[in-house]
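K.L.:
Any chance you can model this:
(2 chains)
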Amino acid sequence: GAGVSQSPRYKVAKRGQDVALRCDPISGHVSLFWYQQALGQGPEFLTYFQNEAQLDKSGLPSDRFFAERPEGSVSTLKIQRTQQEDSAVYLCASSPAYEQYFGPGTRLTVT
Amino acid sequence: DAKTTQPTSMDCAEGRAANLPCNHSTISGNEYVYWYRQIHSQGPQYIIHGLKNNETNEMASLIITEDRKSSTLILPHATLRDTAVYYCIVAFSGNTGKLIFGQGTTLQVKP
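P.N.:
The predicted model follows:
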């Protein structure tokens, strides 16, 4: 079946621009996670939803980062006033129970 | 959160078993041991998880010591496509808990 999809796959933004990254989870998965992966590092947790409720946003690095999942399915991660340190791969994962299924990620480059 | 310790890198000959160790001495009683891997430029892929018993699936086997302070992931017949970074993670069930990735073990399968 279809896995987790993310769009766009690549995004180049000029410093100061706002970006929106989309995640389509596997249908029926209640839980959705966002992670940030810097070059050469393991993924780092950003935020977690159960249905439309954002239950944990402890990993969001600043108030420029905002995530939503208004109808409990598709989720959007928004980054305002992008900075060079935001350059990374942003990964989305959904989970039915124990395991998390990851999308291919969006590679964000801020110039 | 419990942390894990893994070797930075390992080599394995194609067709041989790959045994990847992990130490997790501070694991709590209701935390699971998860293994994920990440092939270059892809999102992480779930491999296997366990609580206290050994587990086997179509991809791998997981051996957990009786005291639960360490585990070993076994890929029985490694192929070139198994070259990846392997992450050992301790976490609560996947749909309610964030995953904390360390640096992982880079496994290089050689012909």
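
K.L.:
When you work out contacts or count neighbours from here on, use the C-alpha atoms and nothing else.
P.N.:
Fine.

K.L.:
Let me see the contact set for the residue nearest to residue B:68 when sequence neighbours are not counted.
P.N.:
The shortest distance from residue B:68 to any non-neighbouring residue, by C-alpha to C-alpha, 6 or more residues apart in numbering or on different chains, is to residue B:52 (6.6 Å). Going by C-alpha atoms under 8 Å, 6 or more residues apart in numbering or on different chains, residue B:52 touches B:64-66, B:68.

K.L.:
Okay, and the beta partners of residue A:56?
P.N.:
residue A:48 (DSSP bridges).

K.L.:
what's around it, how many residues?
P.N.:
Residue A:56 has 17 neighbours, counted by other C-alpha atoms under 10 Å in any protein chain shown.

K.L.:
Please give me every residue in contact with it.
P.N.:
A:47-49.

K.L.:
Out of the residues you listed, which is nearest to chain B?
P.N.:
Nearest to chain B out of those is residue A:48 (C-alpha to the nearest C-alpha; 7.4 Å).

K.L.:
Correct me if wrong: the closest one contacts residue A:58.
P.N.:
No - using C-alpha atoms under 8 Å, residue A:48 makes no contact with residue A:58, being 9.0 Å away.

K.L.:
And the two? Which one has more around it.
P.N.:
residue A:48 (29 against 11).

K.L.:
And the strands in chain A, which stretches?
P.N.:
Using DSSP state E, the strands assigned to chain A run over residues A:5-7, A:10-13, A:19-24, A:31-37, A:44-50, A:53-56, A:65-68, A:75-79, A:88-95, A:101-102, A:106-110.

K.L.:
quick one, which of those is nearest to residue B:85?
P.N.:
Closest to residue B:85 of the strands of chain A, according to C-alpha to C-alpha: strand A:31-37, at 13.5 Å.

K.L.:
Note down every partner strand of the closest one and its orientation.
P.N.:
Short version: by DSSP bridges, strand A:31-37 pairs with strand A:44-50 (antiparallel), strand A:88-95 (antiparallel).

K.L.:
Give me the neighbour count for the nearest residue to residue B:110 once chain neighbours are set aside.
P.N.:
Excluding its sequence neighbours, the residue lying closest to residue B:110 (C-alpha to C-alpha, 6+ apart) is residue B:13, at 4.9 Å. Neighbourhood size, residue B:13 [other C-alpha under 10 Å]: 15.

K.L.:
before we move on, what about residue B:53?
P.N.:
For residue B:53, using other C-alpha under 10 Å, the count is 13.

K.L.:
Can I get the helix or strand where residue B:72 lies in CSV, CA atoms only?
P.N.:
Here residue B:72, judged by DSSP states H and E, is contained in strand B:70-75. Presented in CSV, the C-alpha positions along strand B:70-75 are these (Å, rounded to 0.1, in the frame of the first residue of the first chain):
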residue,chain,number,x,y,z
SER,B,70,22.1,-5.0,26.0
SER,B,71,20.8,-6.4,22.8
THR,B,72,22.1,-7.6,19.4
LEU,B,73,20.5,-7.2,16.0
ILE,B,74,21.3,-10.1,13.7
LEU,B,75,21.0,-9.9,9.9
